[in-house]
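In: Here is the input, now give the coordinates:
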Amino acid sequence: MRILRTALATLFTATIACALSPSAQAAPSPVALDHRSAKVCAAAAPGTATCHAWVRTDVTAAAVPAGFGPSDLRAAYNLTGSGSASQTIAIVDAYDDPTAEADLATYRSTYGLAACTTANGCFKKVDQNGGTSYPHRNTGWAQEISLDLDMASAICPNCKILLVEAKSNSFANLGTAVNYAATHATVVSNSWGGGDAADSTYGSYFNHPGVPITASSGDNGYGASYPATSQYVTAVGGTHLVMSGGARSSETVWSGAGSGCSAYNTALSAQSTFDTGCAKRAEADVAAVADPNTGVSVMYNGAWYIFGGTSVSAPIIASVYALAGNGAGTTPNYPYQHAGSANFYDVTSGSNGSCPTAQWCTARAGWDGPTGVGTPNGTGGF
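Out: Numbers count the residues shown, from 1 in each chain. Sure thing, here's the model as predicted:
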């Protein structure tokens with residue numbers, strides 16, 4: 001543990017953040033949103049995906065949590081139920097997190113949530129084909145896995161969790177994992193992506209009618225990301241969340257949240273009434289907290305960290321779908337069909353960059369690229 005903390009402190013204060021992986025991978029993009037956070041996964045080469053998690057670098061590994069916990073997130077988004085074991089949230093990521101179940105146990109016990117273990121049938125971990133031939137460990141993706149499991153627990157504590165580990169970060173392997181997840185879970189969360197791509201190439205992995213599938217919108221600001229630009233998923237953007245007195249005070253656009261207009265994919269039918277300015281698929285659809293500077297507590301490898309990125313918001317939204325118990329028959333159009341203040345908090349300020357069409361990167365009333373139709377106000381929009 002001391003070695004890990006020393007390595008993190010050294011690497012995260014470097015000019016270029018590394019993926020913290022024992023495997024030989026390309027160095028990640030040197031882009032950083034500010035000096036207080038760093039991306040944990042390597043940049044995506046063609047045909048591969050990167051995870052969309054960022055970790056705070058000015059907060060060292062700790063013995064107690066310091067970010068937002070379950071009660072904060074549930075209060076922020078007016079989530080009052082605990083969900084049902086009839087709902088299974090599938091978390092799809094690349095590579096192996098060997099301490100996933102142990103870290104999940106610590107997270108849940110720390111926050112007073114019921115145990116979710118292999119033994120009691122609440123938690124299950126499989127490889128991309130449903131077996132136990134787990135891939136090799138990758139530190140960045142392992143952190144992503146821990147983040148995703150903790151967010152599922154925070155939002156829907158009574159739901160079951162299925163962790164599906166792809167053997168690499170290729171779209172082919174991650175897609176195989178999504179296919180398995182969609183046939184064994186009621187909701188699927190994907191906290192990863194690459195550049196804009198065509199559903200004609202990869203869409204079969206995400207086309208599972210009746211199974212809500214979320215995809216994070218990206219974490220490099222304005223610019224389309226796949227699978228968030230797929231017509232088959234709910235694209236999840238990100239916000240800067242401020243809490244006061246245990247309640248949501250305000251939300252603005254997180255500057256890193258991905259957004260854009262796909263060059264390839266068909267627009268959602270319900271987007272036609274929201275002036276997206278995009279003739280094809282526009283992202284994002286909805287949003288939740290993602291800024292590392294208003295980040296969430298995550299237990300990884302026996303220590304607490306603060307994480308952000310749309311890797312936070314994607315499993316939050318997937319878990320809201322599960323909390324609503326509304327998988328069967330739900331399509332990515334559903335939030336649009338139930339948009340409005342009764343179901344969503346509209347985010348109307350902030351930007352993630354400059355773009356040719358203002359609403360693709362700048363918040364406004366109604367739909368905008370970084371936050372879609374808004375953040376959850378209860379489960380009615382899902």
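In: rest of the way, CA atoms for contacts and neighbours
Out: Will do.
In: Tell me the spacing between residue 134 and residue 302.
Out: Counting by C-alpha to C-alpha, to the nearest Å, the gap between residue 134 and residue 302 amounts to 21 Å.
In: these two touch, right, residue 316 and residue 151?
Out: Yes. In this structure, residue 316 sits in contact with residue 151. The criterion is C-alpha atoms under 8 Å, and the distance is 5.8 Å.
In: Longest helix in the protein, by number of residues?
Out: With DSSP state H setting the assignment, residue counts place helix 139-155 as the longest helix in the chain.
In: Report the angle between the following helix or strand past it and helix 139-155.
Out: Later in the chain than helix 139-155, the nearest helix or strand by DSSP states H and E is strand 160-166. Here strand 160-166 points in a direction 160 degrees away from that of helix 139-155 (axes from the mean of the first three to the mean of the last three C-alpha atoms, to 10 degrees).
In: Direction included, what does strand 160-166 pair up with?
Out: In the sheet containing strand 160-166, its partner strands are strand 88-94 (parallel), strand 123-127 (parallel), by DSSP bridges.
In: These into TSV, with extra columns for distance to residue 55?
Out: Rendered in TSV, the data for those read as follows (distance: least, C-alpha to C-alpha, whole Å):
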stretch	distance to residue 55
strand 88-94	17
strand 123-127	24
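In: which of those strands sits most buried?
Out: Between the strands paired with strand 160-166, strand 88-94 has the highest mean count of neighbours, a mean of 30, where neighbours are mean count of other C-alpha atoms under 10 Å.
In: who are the neighbours of the following helix or strand past it, in terms of helices and strands?
Out: Proceeding C-terminally, strand 88-94 gives way to helix 100-110 as the next helix or strand, assigned by DSSP H and E. Applying 3 or more C-alpha pairs under 8 Å, 6 or more residues apart in numbering; DSSP states H and E, one finds that helix 100-110 contacts helix 139-155, strand 296-300.
In: can you give me the angle the longest one makes with strand 296-300?
Out: Following the same axes, to 10 degrees, one obtains 120 degrees for the angle between helix 139-155 and strand 296-300.
In: So what's the model's average confidence on helix 139-155?
Out: Helix 139-155 comes out with an average pLDDT of 98.
In: by contact count, what packs against it?
Out: Where contact means 3+ C-alpha pairs under 8 Å, 6+ apart, helix 139-155 is packed against helix 70-76, strand 88-94, helix 100-110, strand 296-300, helix 310-324.
In: And for the first one, what's in contact with it?
Out: To tie it back to what came earlier, the one meant is helix 70-76. By C-alpha atoms under 8 Å, 6 or more residues apart in numbering, the residues outside helix 70-76 that reach it are 80, 111, 151, 153, 154, 155, 243, 246, 247, 248.
In: Please apply the same query to stretch 199-209.
Out: Outside of stretch 199-209, the residues that reach it under the criterion C-alpha under 8 Å, 6+ apart are 171, 175-176, 178-179, 182, 213, 230-233, 264-265, 329-331.
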